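>>> Got a sequence here, can you model it:
(chains A and B)
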Amino acid sequence: MTTRIVELRRGILKKNDELAAGLRASYSAAGVLVLNLVSSPGTGKTAFLEITLRELKARGARVAALVGDLETDNDARRLAASGAPVRQINTHGICHLDAEMIGKHLDGWEGVTLGGLDYLFIENVGNLVCPSSYDLGEGIRVALLSVTEGEDKPLKYPTLFNSADAAVITKIDLAGPCGFDRELALHNINEIRPGIRIFETSAKSGAGMEEWLAYLARERANRNA
Amino acid sequence: MHELSIVASIVDTVTESVAAYPGARVVEVRLRVGALASVIEDSLQFCYGIATDGTPLAGSKLVVEILPVVMHCEPCAADVELEGLQSFRCPRCGEPCSDLRQGRELEIEAIEIDEVEEAV
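Numbering: from 1, shown residues only, chains lettered A, B, ... in the order given. Sure, this is the predicted structure:
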């Protein structure tokens, strides 16, 4: 019997990373800005996305959304009311979306091609841990946090907030009743991801949406310049 | 929560790699895991016993090396190690850092195998 050490140096998520790199190249070739929305369950990703899709569509942008949940197509049906093409991904117990699921659902999506879109939104499974490990090839990763969740959420889940490109605070209309400490929340987000763009929004009142939509338009223009 | 899928991927990769050494037994699998990789060692160990059962990795030991977060600090012009994950500021000068150099790794570094001596 001889003992041998075999060096592997292999990324455990290499397969996902390779698929994500392929997706990123095809998004870029098509000129579509892809956003991956990540938050806890109940933060209000779907309500935020409903307004975003509706407003972008009203401004003439071509938009679509993929929405991940363990079960049900409730969110897809809510989002479809915007008139944008929406496709549900049911993960059946898996706690995150991965690049393979995205690729599969982009293929054979009736009436939708990447080249025919300006923006594609991916609403991830409600989870602040696992989605941070899985690259979906997105251009912008958005971490969402509602005022009802507590100002220390970014400190509790640093891996997700540190990997995000933008942060969105939702339900800002409830800040008063919840005793939400806005300064502390902004400070905590900045401690984990210094300099990140932060939007303070309400799907109910529409607060902060203009800034968010202007940011999307600017990011898209910059990337396609 | 996704540690089981991670372990399943480890089993696939290692099984593929040991196929080049017929009859070999896997003794140890060594991982390098960044502190920002969203992976909990206890969960990995728990899943490892279950997922390796009936595979060439059965009975092997999983060794996890946790790598601290290293950022590049512009003002210090140096790579600095963070003491925790609660503040992404340079521990030397206190300036915020956003240039991550280490901490998201999730890789199989090496495996240790026992090879059967070939009959002479």
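>>> now the helices for chain B?
Listed in chain order, the helices of chain B (DSSP state H) span residues B:3-18, B:41-52.
>>> Over to chain A?
Read by DSSP H, chain A holds these helices, from start to end of the chain: A:14-30, A:45-58, A:74-80, A:99-106, A:153-156, A:158-163, A:175-178, A:182-192, A:209-224.
>>> Give the buried residues for the last one.
What that stands for is helix A:209-224. Within helix A:209-224, the residues that count as buried by 16 or more other CB atoms under 10 Å in any protein chain shown are A:209, A:212-213, A:216-217, A:219-220. To be clear about C-beta, it is placed using only N, CA and C from the backbone, and glycine gets the same treatment.
>>> And the contacts of it?
Surrounding helix A:209-224, the residues in contact under the criterion CB atoms under 8 Å, 6 or more residues apart in numbering or on different chains are A:28, A:31, A:33, A:35, A:51-52, A:55-56, A:59, A:118-119, A:139-140, A:166, A:168, A:197, A:199, A:201.
>>> So which of these would count as near chain B as well?
Among the contacts of helix A:209-224, no residue sits close to chain B (CB under 8 Å from any CB of the partner chain).
>>> Mind giving me the PyMOL select for those, buried ones only?
In PyMOL syntax, the buried subset of these is picked out as below (16+ other CB under 10 Å):
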select buried, chain A and resi 28+33+35+51+52+55+56+118+119+139+140+166+168+197+199+201
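>>> Please flag which of the contacts of helix A:209-224 sit within strands.
Among those, the members falling in strands are A:33, A:35, A:119, A:140, A:166, A:168, A:197, A:199 (criterion: DSSP state E).
>>> Let me know the closest of the residues you listed to chain B.
Nearest to chain B out of the ones in strands among the contacts of helix A:209-224 is A:R197 (CB to the nearest CB; 12.3 Å).
>>> The closest one - nearest residue in space that isn't next to it in sequence?
Of all residues beyond its chain neighbours, the one nearest A:R197 is A:A166 (4.6 Å), with distances taken as CB to CB, 6 or more residues apart in numbering or on different chains.
>>> Near chain A, which residues of chain B? Just list them.
Contacts of chain B with chain A, taken as CB under 8 Å from any CB, map to B:1-2, B:5-6, B:9-10, B:13-14, B:17-18, B:21, B:24, B:27, B:31, B:36-39, B:85-89, B:96-98, B:100, B:104, B:106-117.
>>> List the residue ranges of chain B that fall below the pLDDT cut-off.
B:1, B:118-120 (pLDDT under 70).
>>> Any idea what the residue of it found nearest chain A is bridged to?
Closest to chain A within chain B is B:P96: 3.1 Å, counting by CB to the nearest CB. With DSSP bridges applied, the residues forming beta bridges to B:P96 are B:R89.
>>> OK, contacts around it?
Applying CB under 8 Å, 6+ apart to B:P96 gives the contacts A:190-191, A:194-195, B:88-90.
>>> Where neighbours are concerned, which of the residues you listed has the most?
By neighbour count, taken as other CB atoms under 10 Å in any protein chain shown, the most surrounded of the contacts of B:P96 turns out to be B:F88 (21 neighbours).
>>> isn't it right up against B:L82?
Yes. Counting by CB atoms under 8 Å, B:F88 does reach B:L82; the two are 6.8 Å apart.
>>> Need the residues touching each of the two.
Common neighbours of B:F88 and B:L82, using CB under 8 Å, 6+ apart, are B:69, B:71.
>>> Can you check which strand is longest in chain A?
strand A:2-11.
>>> strands paired with it, and their directions?
Each strand that pairs with strand A:2-11, with its direction, by DSSP bridges: strand B:106-115 (antiparallel).
>>> Report the inter-axis angle for the partner strand versus helix A:14-30.
Strand B:106-115 and helix A:14-30 are oriented at 140 degrees to each other (axes from the mean of the first three to the mean of the last three CA atoms, to 10 degrees).
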